[in-house]
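**Student:** coordinates only, sequence not included:
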């Protein structure tokens, strides 16, 4: 049974960070009174509560006995590739259209698994693109163009 | 008989060809995601929510509900066949179900799970039909202070049942509430926490938050240790029970149904808790407790009935009060809102066909699930061999296209990435994601009712204690948190959830 030293300290800090960010922003809005609450009132109360909870978790982590459950491995490559895939999709879906955006996102996230070779990722991407076109474009009539304005004249 | 007339209306609605079809589609998809590990009903419903936009409201909700209870069925299949519970609630099923499969009794275990679930689903659906109207009627008298206290109770109760640190769960709720504040203030129109981005004026897209926290974060968790799954059972035969086995499961099924029906109404992981509770009850009552863990059929019958009963009754708070008991119900509320229906006590009166149609479709769906799961079991076994490395790119693609299609807003896709990352980090640090999503959905409601109540009372917070219903609800919330923190309960809770590993 390990006490969660490192995990508590890190999560406490994260909560404190969120509390600070939300609290600072909330304090900038009109607070109003308890009778007529302004837009900043409730968020500020919540941010203070989050700060207190974050501090409590942090203290618990600092004072905990040293034995800790290990954090375990982090899939750096997978995380970077999957997040890139999502951001890339968001950035290009309007300009390039459904087909290239889906293909790129599927290819990038396919590479995230170590058991996928680039060739396998290409195959998965092609299959998924076809599937997505059939389901979303033909099946559901989603109004995203197959090829976007950036490609006009090329495709 | 009012109930009969209502049920007749429900049958009329549920048995239109379109609704039958989508009930089937929902059950099919639910079983599918229940069988496939790494994707659960929460992420699936979140992804499909945008698609249901073009459906009639009742059709959309029938399908989404089907996904939810279908997943409870599918989850037990993997638990029994490969000792890998597809859903948390079937974790207990794996204990004895997998042992039965190893002894060559996979067919009996699957049949027990299916029949127990069907029986439990039928009873719980009936309870839902009986209990919902009076509850909704009572809720019509609720004012802003009562709603505020009710939401507080719901949020607090959801962590009392979750596992892990209470402090962290509380912090996740508050963080969720704060994220729910993003967007224009309803009273003054002031944009809050938008960093000047116009795209954030209408708030964070909750499909994006749900898919990020439950879908993408889960993928990253699974990529930590890529292992290949082994399907031990190649062929399942003898999908029926002997007279002796039927006799052995009768009482466990009944007890599991009772437990699940009651516990399912509780906010939080009612269906998870109920299957653990049913297992320990059966073990305690059994004349041969030493058989548990070695393939006792009672250890499959009780929990499986309990989790399915709970899955049905967890619709009660959502349908009558508009308060979700867990993240899936929060998404269902989202589905109501997308369809332009405000979930709450008025639904039953204003949209009787919708309300009763959903209830009857649940019973129809349970029947479909028995048919889907028993004869077609071979198909599901095959699906287990779909490698995860193919599956997760599909999840990423469907999540992004689905989410983008809601409003053609590329910001929503970025939000998936951000919440996937935040969710992954927090889950890794031992914070459960469910309270965050509940807080996120309930945040705006909580603020609205708080502000309204304070205007009513001219700024006096005592209003929450002076009104009897509100005071009772808050007292229950305090009791819930005290009970959760009590050392004896904590130990018991840890014990129950340790069995999960």
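**Tutor:** Received it, and whenever you're ready, just let me know what you need. Keep in mind that what you see is a predicted model, and the values were worked out from it rather than measured. Numbering: from 1, shown residues only, chains lettered A, B, ... in the order given.

**Student:** quick one, strands of the stretch 151-300 of chain B?
**Tutor:** Along the stretch 151-300 of chain B, the stretches classed as strands by DSSP state E, counting those that start in this stretch are B:183-184, B:191-192.

**Student:** for the last one, which helices and strands make contact with it?
**Tutor:** Think strand B:191-192. Packing contacts for strand B:191-192, counted by 3 or more Cβ pairs under 8 Å, 6 or more residues apart in numbering or on different chains; DSSP states H and E, involve strand B:183-184. Backbone N, C-alpha and C define where each C-beta goes, glycine included.

**Student:** the strand it packs on near chain A at all?
**Tutor:** No. Strand B:183-184 lies out of reach of chain A by Cβ under 8 Å from any Cβ of the partner chain, never closer than 8.8 Å.

**Student:** name the element the residue nearest the centre of chain B belongs to?
**Tutor:** Against the mean C-alpha coordinate of chain B, by Cα atoms, centre = their mean, the closest residue is residue B:328 at 4.3 Å. Following DSSP states H and E, one finds residue B:328 within helix B:327-338.

**Student:** in that helix, what counts as buried?
**Tutor:** Neighbour-count burial for helix B:327-338, counted by 16 or more other Cβ atoms under 10 Å in any protein chain shown, picks out B:327, B:328, B:329, B:330, B:331, B:332, B:333, B:334, B:335, B:336, B:338.

**Student:** let me know the distance separating the third one from chain A.
**Tutor:** What that stands for is residue B:329. Using Cβ to the nearest Cβ, to the nearest Å, one obtains 23 Å as the distance from residue B:329 to chain A.

**Student:** tell me the pLDDT of that residue.
**Tutor:** If you check residue B:329, the pLDDT there is 86.

**Student:** that one touches residue B:314, doesn't it?
**Tutor:** Yes. Using Cβ atoms under 8 Å, residue B:329 is in contact with residue B:314, at 6.3 Å.

**Student:** next, the residue in chain A sticking out farthest from the centre: secondary structure please.
**Tutor:** For chain A, the residue at maximal distance from the C-alpha centroid (Cα atoms, centre = their mean) is residue A:35, at 37.2 Å. Under DSSP: H, G, I helix; E, B strand; the rest coil, residue A:35 falls in the coil class.

**Student:** over to it: give its phi and psi.
**Tutor:** phi -70, psi -60 (degrees, to the nearest 10).

**Student:** check the closest residue in space to it that isn't next to it in sequence and give its pLDDT.
**Tutor:** Closest residue in space to residue A:35, ignoring its immediate chain neighbours: residue B:459 at 3.2 Å, by Cβ to Cβ, 6 or more residues apart in numbering or on different chains. Looking at residue B:459, its pLDDT reads 86.

**Student:** surely residue B:459 and residue A:33 touch.
**Tutor:** Yes. Residue B:459 is within contact range of residue A:33, at 6.1 Å (criterion: Cβ under 8 Å).

**Student:** neighbour-wise, which of those two wins?
**Tutor:** Legend: neighbour count by other Cβ atoms under 10 Å in any protein chain shown for residue B:459 and residue A:33, higher for residue B:459 (14 against 11).

**Student:** residues in contact with that one?
**Tutor:** Residues near residue B:459 by Cβ atoms under 8 Å, 6 or more residues apart in numbering or on different chains: A:33, A:34, A:35, A:36.
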